[in-house]
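1. Pasting a predicted model and its sequence here:
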Amino acid sequence: MEQLKPLLGLLLFFLVLPFRPEAQSTLHLIFSIDQYNEDISKGCEIDDANLSTTLELLAEDAGMQVRKHSYGFNQQEAYQFFQDFTCSPDDVVVFFYSGHGFRSEDDNVAWPLMYYCVENSQPSAGDGLKSCGVPLDWVHHMLIQKGPRMSLTIGNSCNNVPGDEAANERAKGLKKQKQEDQDGEKNMQNMALLTQFKGHIIASGASPGQFAYTNDEDGSYFVNELTNVLLEGLLFADNPTSWASMLKKTRDEVQKEKPDQRPQFLIVADNKKMYSEGSNNYVDKASYEELGLDVPEVDDEYYDSLELDDFDEDDYAEEWEMEFDQHGMEEQALENLPYILLNSIYLDDNNVSSDELNRMYQYYLNRMDDSGYDQETAKMMFEFAREDLGSELFQEFLQDAIQEFKEYLDEDTKSAVLSAIETSADYSDAESLQNFIEGLRS
């Protein structure tokens, strides 16, 4: 069972008052979540909570009002909702679908069809597309026609993967939290991607012929990575980023965990359309009539007139991407640091006393707090290592932790950790402990 990469940036609350611009635009959240098909409903509901929480918190920090919308899990209700939907010219609209997706064989459509049928009421074979399918790209086109400043259409067509609760808990990892001494304005340069960006984006959790994997404990790989990237890019970043870079990193992070799942995206901006997999690989939609779909008409004249182009180097933010990768490596080292700490206080006398354990535990929690991480998830990381102590699994994680310690942590952090090891051990001059410390220094 592959582990989900931790949802690093899911903030539970803000500790400072956010910056407020004078005029507020509205962030419309239109979420369509499959709560009915039991094989995926729990994972889809987790996606709903993760993404909605993230977007609401970002909107708060950007000074945007939030308006939530919903409609029944039904093809015709979906069509009617978008036909009736209205927004203002400076608004941002986010549509998110989490549920089953499907396609007809050889339909030459890049984007999935959302599946609006529930179990025990599914149509007979061959009728599913006609009576249950809503094209994701139809929503994308309809939102553009409604005239918001920006729209983001996201489809995550789930395929359930059985969960290992203990493994998934371990994989959740550390959560970042906003620090009390942050002034609330540091990252407003990237908030402009919400407050000023003009354009329209469509993204799906997988490419044609693939599944977007999810499980009941943690939701989907795609949404976990997307929320992580959005928070890292819009809230925590020191360097400016772009939508192209954030969506690219989302895709790349998903592929690290699930090589057979490749998210895709298309950005409409500056009078052109740019596709993540290259313009030569983009298969424009077949007519809905060819697919046997009775879809409400959308005026696509403007959309069809736009040039299909490739992304340029200038569309990506290379420095931010490097920063994102570096933060990920540092975080991995901090997650596994308890293996080094516990091994150290065991080596001095082949025993871990309660005093040693308490000293090292408090050091780790303080270190994580100083680095901006949530205390509860830090406690969880330490407990995992303590439970593994003395096992083969402990030794496996220890070897990873040593390598990450040497490669990913800065010299000041490494020096502080080594100092804490010597002050926390009952017998700091023990030869075995000193040899271990020297190995960490080398």
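-> Structure's in. What do you need?
2. per-residue pLDDT, Y288?
-> With respect to pLDDT, Y288 has a value of 76.
3. how close does the residue lying closest to it once chain neighbours are set aside get to E77?
-> Among residues not flanking Y288 along the chain, V295 sits closest, at 4.3 Å (C-beta to C-beta, 6 or more residues apart in numbering). Using the backbone N, CA and C atoms, a C-beta is placed for each residue, glycine as well. According to C-beta to C-beta, to the nearest Å, V295 and E77 sit 14 Å apart.
4. E321 against K249, yeah?
-> Yes: counting by C-beta atoms under 8 Å, E321 touches K249, with 6.2 Å between them.
5. Assign a three-state SS to G439, would you?
-> Secondary structure for G439, judged by DSSP: H, G, I helix; E, B strand; the rest coil, is helix.
6. and it, what does it touch?
-> Listed by C-beta atoms under 8 Å, 6 or more residues apart in numbering, the contact set of G439 reads I402.
7. give me that answer again for 10 Å
-> 402, 406 (C-beta atoms under 10 Å, 6 or more residues apart in numbering).
8. before we move on, what about K272?
-> Counting by C-beta under 10 Å, 6+ apart, K272 touches 199, 279, 306-310.
9. Distance-wise, check it relative to D300.
-> 16 Å.
10. ok, E289 touching V295?
-> Yes: E289 is in contact with V295 according to C-beta atoms under 10 Å; the separation is 8.7 Å.
11. Can you list the low-confidence ranges for this protein?
-> Across the chain, the ranges flagged by pLDDT under 70 are 1-23, 103-108, 119-128, 158-188, 216, 284-286.
12. okay, now the domains of it?
-> The chain resolves into domains spanning 26-315, 318-441 when parsed by automatic domain parsing.
13. between E289 and V295, who's got more neighbours?
-> More crowded of E289 and V295, by other C-beta atoms under 10 Å: V295, with 17 against 9.
14. That one: what secondary structure?
-> coil.
15. related to what we said a few turns ago, what's the overlap in contacts for E321 and K249?
-> Going by C-beta under 10 Å, 6+ apart, residues that sit against E321 and also against K249 are 233, 241.
16. which one of the two has more residues nearby?
-> A direct count of neighbours by other C-beta under 10 Å for E321 and K249 places K249 higher, at 24 against 19.
17. give the contact list for the more buried one.
-> Counted by C-beta under 10 Å, 6+ apart, K249 has contacts 225-226, 228-229, 232-233, 241, 316-317, 320-321, 324-325, 328.
18. ok, those residues vs L29, which is closest?
-> Closest to L29 out of the contacts of K249 is L226 (14.3 Å), distances taken as C-beta to C-beta.
19. Please identify the helix or strand for the nearest residue to the closest one once chain neighbours are set aside.
-> Spatially, and ignoring its direct neighbours in sequence, L226 is nearest to T250 (4.9 Å; C-beta to C-beta, 6+ apart). Here T250 sits within helix 243-257, counting by DSSP states H and E.
20. Next, the buried residues of that helix.
-> 243-254, 257 (16 or more other C-beta atoms under 10 Å).
21. again with stretch 42-62
-> Buried positions in stretch 42-62, judged by neighbour count with 16+ other C-beta under 10 Å: 42-48, 50-52, 54-55, 57-62.
22. picking up where we left off before, can you give me the distance of the residue nearest to L226 to T241?
-> T250 is 12 Å from T241, by C-beta to C-beta.
23. F265 too?
-> Distance of F265 to T241, given as C-beta to C-beta: 15 Å.
24. so the helix or strand harbouring S344 versus helix 243-257, what angle?
-> Assessed by DSSP H and E, S344 sits inside helix 318-347. Counting by axes from the mean of the first three to the mean of the last three C-alpha atoms, to 10 degrees, helix 318-347 lies at 40 degrees to helix 243-257.
25. so how far is helix 318-347 off the chain centroid?
-> Relative to its chain's centre, helix 318-347 lies at 19 Å (C-alpha atoms, centre = their mean, to the nearest Å).
26. So which bits of that helix are buried?
-> For helix 318-347, a neighbour-count test (16+ other C-beta under 10 Å) marks 320-321, 323-324, 327-328, 330-347 as buried.
27. circling back: can you name the residues that contact the residue nearest to L226?
-> 203, 205, 221-230, 233, 263, 265.
28. from those residues, which is closest to Y427?
-> N228 (41.3 Å).
29. correct me, but the closest one touches L234?
-> No: if you go by C-beta under 10 Å, N228 and L234 don't touch, sitting 11.4 Å apart.
30. Just the CA trace of stretch 24-44, in PDB.
-> Extracted in PDB, the C-alpha atoms of stretch 24-44 (Å, rounded to 0.1, in the frame of the first residue of the first chain):
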ATOM      1  CA  GLN A  24     -13.700  42.600  -1.400                       C
ATOM      2  CA  SER A  25     -14.300  40.300  -4.300                       C
ATOM      3  CA  THR A  26     -16.200  37.100  -3.800                       C
ATOM      4  CA  LEU A  27     -14.800  33.600  -3.900                       C
ATOM      5  CA  HIS A  28     -17.500  31.300  -5.100                       C
ATOM      6  CA  LEU A  29     -17.100  27.700  -4.000                       C
ATOM      7  CA  ILE A  30     -19.200  25.200  -6.000                       C
ATOM      8  CA  PHE A  31     -18.500  21.700  -4.700                       C
ATOM      9  CA  SER A  32     -20.100  18.600  -6.100                       C
ATOM     10  CA  ILE A  33     -19.200  15.600  -3.900                       C
ATOM     11  CA  ASP A  34     -20.300  12.000  -4.300                       C
ATOM     12  CA  GLN A  35     -21.700  11.100  -0.900                       C
ATOM     13  CA  TYR A  36     -23.800   8.300  -2.300                       C
ATOM     14  CA  ASN A  37     -21.600   5.600  -3.900                       C
ATOM     15  CA  GLU A  38     -20.200   3.800  -0.800                       C
ATOM     16  CA  ASP A  39     -17.000   2.600  -2.400                       C
ATOM     17  CA  ILE A  40     -15.600   6.100  -2.600                       C
ATOM     18  CA  SER A  41     -17.900   8.400  -0.600                       C
ATOM     19  CA  LYS A  42     -15.800   8.600   2.600                       C
ATOM     20  CA  GLY A  43     -12.700   9.600   0.600                       C
ATOM     21  CA  CYS A  44     -14.600  12.100  -1.400                       C
END
